[in-house]
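Undergrad: I need the structure of the sequence given here:
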Amino acid sequence: MAVARRRIDAEEGKAALKAWLEAGQAPSGTALPRTILATAVRYSLEELTARAPGNSVEVRVPPFGVTQCVEGPRHTRGTPPNVIECDAATWLAMVTGQMDWADAVGAGKVAASGLRADLSALLPL
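TA: Residues are numbered from 1 along each chain as shown. So this is what the prediction gives:
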């Protein structure tokens, strides 16, 4: 199975994730530029797809990105049967190991529907 070509340079993506982590540890009031946040989210979605290629689960992090991943039945029309959606801060916290998948779902920070909508084995990246 072919994996989609990356759009975010790996070094740029890693730097954006590092900046996000550092901003979280900075004194409150330190805002991360939207472009850095977008790059961190998009890079991490690309990384997820590279590690778990497929089309059975759709991961949405509005307004920054969406990807399809995980092997299984391919979805082509309408709303996918396996959907995961969360905000950027929650997504990046799970990607970097700052938040556990089960804790995020349990706290209602992640909407996950479908039998395959569980990324606990893939996160953190």
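
Undergrad: in stretch 103-116, what's buried?
TA: 104-105, 109-110, 112, 114, 116 (16 or more other C-beta atoms under 10 Å). To be clear about C-beta, it is placed using only N, CA and C from the backbone, and glycine gets the same treatment.

Undergrad: so which other helices or strands are in contact with the longest helix along the chain?
TA: Longest helix in the chain by number of residues (criterion: DSSP state H): helix 34-51. The contact analysis (3 or more C-beta pairs under 8 Å, 6 or more residues apart in numbering; DSSP states H and E) places helix 34-51 against helix 10-25, strand 57-61, strand 65-69, helix 88-95.

Undergrad: I'd like those as CSV, with mean neighbour count, distance to residue 46 and mean pLDDT appended.
TA: As requested, the helices and strands packed on helix 34-51 are exported to CSV (neighbours: other C-beta atoms under 10 Å; distance: least, C-beta to C-beta, whole Å; pLDDT from 0 to 100):
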stretch, mean neighbour count, distance to residue 46, mean pLDDT
helix 10-25, 15, 7, 91
strand 57-61, 23, 11, 96
strand 65-69, 20, 7, 94
helix 88-95, 22, 11, 95
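
Undergrad: out of the ones you listed, nearest to residue 34?
TA: With respect to residue 34, and counting by C-beta to C-beta, the nearest of these is helix 88-95 at 9.7 Å.

Undergrad: give me the angle between the closest one and helix 10-25.
TA: Angle, helix 88-95 to helix 10-25, by axes from the mean of the first three to the mean of the last three C-alpha atoms, to 10 degrees: 110 degrees.

Undergrad: so after helix 88-95, what's the next helix or strand?
TA: helix 101-106 (DSSP states H and E).

Undergrad: if we can go back for a sec, show residues contacting the longest helix of the chain.
TA: Contact with helix 34-51 is made by 3-4, 6-8, 10, 12-14, 16-17, 19-20, 59, 61, 64-69, 88, 91-92, 95, 119, 122, 125, as judged by C-beta atoms under 8 Å, 6 or more residues apart in numbering.
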